[in-house]
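Undergrad: need a structure here:
(chains A and B)
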Amino acid sequence: MSDPKTIIEAVDAIRSGKISAGELVTASLDRINQWEPHIHAFLELFNDTAVQQAKDIDGADNTTEQPLAGIPISIKDIICTSIGHTTAGSKILQNFRSPYDATVIMRLRRAGAIIIGKTNQDEFAMGASNEFSAYGPAYNPWDTSRVTGGSSGGSAASVASREVFASLGTDTGGSVRQPASFCSVVGLKPTYGRVSRFGIIAYASSLDQVGPFARTVKDCALVFATIAGQDPLDATTTPHPLGRYTEVCGQDITGLKIGLPKEYFSDQVNAQVSATVKTAVKQLEKLGATVKEISLPLTQFAVPTYYVIVKSEASTNLAKYDGLRYGQLAVEATSLLEQYLVGRGKYFGPEVKRSILMGTYTLSSGYIDAWYKQASKVRTLIRNEFAELFKEVDVIAGPVSPETAFPVGQKVDDPLAMYLADMLTDPASVAGLPAISVPCGFASVANATGNNVPIQLPVGLQLIAPHFAEEHLFQVAHAYEQSTDWHKQMPALPA
Amino acid sequence: MPLISSAEVKRIAGLARLQLSEHEIKQATKDLGNVLTHFSQLQGIDTSHTPTSDDVTGLSNISRVDRPIDELLCSTQVLLDNAPQTHRGQIKVQAIFA
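TA: Next up, the predicted model:
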């Protein structure tokens, strides 16, 4: 039996008969059995349906029309699937079974992908560490005393540990890119409106996007090409033409202009992270790109702008959880109002409650102009600042996160510290721009257990492009990746 | 002066239909105070001639034909199965006018 490392290799191996979809699923389930006790990447597994789906693919005459035929993929639990539960990491949806598949799931199924299970996440995607999951955190495969990042932490961990080939997460303010960076896998946040949000449980509707995680850039491009495109069921998806996302992987980057914003390398960014990313940028120069220092002065306002908007939208989206048609009901309550109050108080977790309170405040009469509307105007300024810079450069490069994966428990009681973890991912989100995280090395960090042996933790290079220029991201990220071997390094299974 | 008082937190929790314990109210007052104080830097930016961002990629007037989609149709029972309390094929709720 062959041992394919990437989706591209696995699809070839299945088509040429070197491996069956059944063997691929069995290998995936074996890895899950080994890794899950250490990383808790999954909230639910679909072993039986995955094995059955693999049998169907192995029995089919021809799967050449299915670009992902037989590939085991995991799905963030905020994405509705017609099998199993969809909890969004929340107790309030503990028993919820979606009657339908999200558009992205329908597209993956048509492409032949095998849905292995649902991954762990911060409750309703609110968090940067996966510690706000109501079902307990996921742990980083590179050091299980540290966080995976969030909110799509389980997705990132499932790909990093090689439990699956790829995963779908969602990115509102960095929830694909930051865990991808912390776990050393590739993660894409598409342009707002490029991928359907139909069947995605909303966090903040003007920012949410589904994005793929994969082991390599080309695999990420392949999954993205499968899920991208206009959907009549999501009016915010765009008719803008799709790109040739896998074909650009391998194209030369000579002459491409890369901007390096000085604000992304400030003293708020860990020095080792800055140095690692700058080395990666030097590599891009060696590959023929032109690098230019630029400035994005509004970067410092991205976190407050993002959080005022995101919590305002979240408080509105969460108003529908009344526990009547679905979800958890406070059966002990004796009036309708008491059912709302008690049920929501009992089944929402701490960050979700904070979001509801903050968003209700920033939208309430007397405060909406000073907070929500002001943030929405600053959002326009941030968008304009990027648009001006993209007249001079093709792609912007910087770190994904100001730090490497932090120890479990370090920020969980300090909301502001957790919010500031997104300082380099919020800007692209606020502007609706596509951005990718690609593994670019390791930084040496003091060991959290207190012994003096430093450990090596992954660092991600973030590339940001103009609206709908995902092709540029894949082209540059692939060229970089293929000139290094970071993507070939794997975490060791803990003893 | 803190940006938000515990009385204000209680008021917005009521608006948001969220029951909080005394400890939660105290914690939320502190947390929201810290966060909003940090975020108040937004107030210093001149936006007097800037429009709000109502869309980021230039979409307008998107519509579709309103007809059932086969892949999304499901039985009433599947929907009722998600409801915590049902009675004779209906979702059971408390009386609104007690």
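
Undergrad: Can you check the distance spanned by stretch A:357-368, start to finish?
TA: With CA to CA, to the nearest Å as the measure, stretch A:357-368 spans 14 Å from end to end.

Undergrad: what separates it from the chain centre, distance-wise?
TA: 28 Å (CA atoms, centre = their mean, to the nearest Å).

Undergrad: A:Leu493: neighbouring residues, count only.
TA: Counted with other CB atoms under 10 Å in any protein chain shown, residues neighbouring A:Leu493 total 13. Every residue, glycine included, has its C-beta placed from N, CA and C.

Undergrad: where along the stretch 201-350 of chain A do the helices fall?
TA: Assigned by DSSP state H, counting those that start in this stretch, the helices in the stretch 201-350 of chain A fall at A:217-227, A:271-286, A:302-317, A:336-347, A:350-363.

Undergrad: Let me know the average pLDDT across the fourth one.
TA: Per-residue confidence for helix A:336-347 averages out to 96 on the pLDDT scale.

Undergrad: try stretch B:49-66
TA: Stretch B:49-66 comes out at a mean pLDDT of 89.

Undergrad: shaky segments in the chain?
TA: Since no chain was named, I'll use chain A. A:1, A:448-450 (pLDDT under 70).

Undergrad: try chain B instead
TA: Within chain B, the segments meeting pLDDT under 70 span B:1-2, B:98.

Undergrad: Repeat the analysis, applying 80 as the threshold.
TA: Applying pLDDT under 80 to chain B flags residues B:1-2, B:97-98.

Undergrad: And the helices in it?
TA: B:6-15, B:22-39, B:76-81 (DSSP state H).

Undergrad: if we can go back for a sec, make JSON lines out of the helices of the stretch 201-350 of chain A and add mean neighbour count and distance to A:Pro407.
TA: Below are the helices of the stretch 201-350 of chain A laid out as JSON lines (neighbours: other CB atoms under 10 Å in any protein chain shown; distance: least, CB to CB, whole Å):
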{"stretch": "helix A:217-227", "mean neighbour count": "27", "distance to A:Pro407": "28"}
{"stretch": "helix A:271-286", "mean neighbour count": "17", "distance to A:Pro407": "16"}
{"stretch": "helix A:302-317", "mean neighbour count": "25", "distance to A:Pro407": "22"}
{"stretch": "helix A:336-347", "mean neighbour count": "20", "distance to A:Pro407": "28"}
{"stretch": "helix A:350-363", "mean neighbour count": "24", "distance to A:Pro407": "18"}
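
Undergrad: Kindly reformat those as TSV containing distance to chain B.
TA: Compiled in TSV, these are given as follows (distance: least, CB to the nearest CB, whole Å):
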stretch	distance to chain B
helix A:217-227	16
helix A:271-286	22
helix A:302-317	4
helix A:336-347	3
helix A:350-363	4
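
Undergrad: what's around residue 82, how many residues?
TA: This is for chain A. Count around A:Ser82 with other CB under 10 Å applied: 20.

Undergrad: look at chain B instead
TA: Using other CB under 10 Å: B:Asn82 sits among 17 other residues.

Undergrad: Show the contacting residues for it.
TA: A:95-97, A:99, A:325-327 (CB atoms under 8 Å, 6 or more residues apart in numbering or on different chains).

Undergrad: one step back: A:Asp30: which of the helices of the stretch 201-350 of chain A is closest?
TA: Ranking the helices of the stretch 201-350 of chain A by distance to A:Asp30, with CB to CB as the measure, places helix A:217-227 first at 20.5 Å.

Undergrad: by contact count, what packs against the closest one?
TA: Packing contacts for helix A:217-227, counted by 3 or more CB pairs under 8 Å, 6 or more residues apart in numbering or on different chains; DSSP states H and E, involve helix A:7-15, helix A:103-110, strand A:166-171, strand A:186-189, strand A:209-214, strand A:435-445, helix A:470-482.

Undergrad: One more pass at 7 Å, please.
TA: With contacts defined as 3 or more CB pairs under 7 Å, 6 or more residues apart in numbering or on different chains; DSSP states H and E, the packing partners of helix A:217-227 are helix A:7-15, helix A:103-110, strand A:186-189, strand A:209-214, helix A:470-482.

Undergrad: Alpha carbons only: can I get that helix in CSV?
TA: Below are the C-alpha coordinates for helix A:217-227, written out as CSV (Å, rounded to 0.1, in the frame of the first residue of the first chain):
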residue,chain,number,x,y,z
VAL,A,217,-0.6,25.1,-0.7
LYS,A,218,-1.8,23.1,-3.8
ASP,A,219,-4.0,20.9,-1.7
CYS,A,220,-5.5,24.0,-0.1
ALA,A,221,-6.1,25.5,-3.6
LEU,A,222,-7.8,22.3,-4.7
VAL,A,223,-10.2,22.3,-1.8
PHE,A,224,-10.8,26.0,-2.2
ALA,A,225,-11.6,25.5,-5.9
THR,A,226,-14.2,22.9,-4.9
ILE,A,227,-16.1,25.1,-2.5
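
Undergrad: wouldn't A:Pro439 be in contact with A:Thr484 here?
TA: No. A:Pro439 is beyond contact range of A:Thr484, at 8.1 Å (criterion: CB atoms under 7 Å).

Undergrad: circling back to that earlier point, is it possible to get a markdown table of the helices of chain B that adds distance to A:Ala465?
TA: Converted to a markdown table, these look like this (distance: least, CB to CB, whole Å):
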| stretch | distance to A:Ala465 |
| --- | --- |
| helix B:6-15 | 39 |
| helix B:22-39 | 28 |
| helix B:76-81 | 42 |
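
Undergrad: want to try TSV for these, with mean neighbour count and distance to A:His85 as columns?
TA: As requested, those are arranged in TSV below (neighbours: other CB under 10 Å; distance: least, CB to CB, whole Å):
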stretch	mean neighbour count	distance to A:His85
helix B:6-15	17	29
helix B:22-39	17	27
helix B:76-81	12	12
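
Undergrad: Redo the ones you listed as TSV? Include distance to chain A.
TA: Formatted as TSV, these follow (distance: least, CB to the nearest CB, whole Å):
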stretch	distance to chain A
helix B:6-15	5
helix B:22-39	4
helix B:76-81	5
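
Undergrad: Figure out which of those is closest to A:Lys488.
TA: helix B:22-39 (41.0 Å).

Undergrad: List the contacts of that closest one.
TA: Helix B:22-39 is touched from outside by A:304, A:307-308, A:354, A:357-358, A:415-416, A:419, B:2-6, B:9-10, B:20, with contacts defined as CB atoms under 7 Å, 6 or more residues apart in numbering or on different chains.

Undergrad: rewinding a little: determine which stretch of the helices and strands packed on helix A:217-227 is the most buried.
TA: strand A:186-189 (a mean of 34; mean count of other CB atoms under 10 Å in any protein chain shown).

Undergrad: starting at the chain centroid, how far to it?
TA: With CA atoms, centre = their mean, you get 6 Å for strand A:186-189.

Undergrad: which helices and strands does that strand pack with?
TA: Short answer (3+ CB pairs under 7 Å, 6+ apart): strand A:186-189 packs on helix A:177-183, strand A:209-214, helix A:217-227, strand A:435-445.

Undergrad: With that, I have no additional questions.
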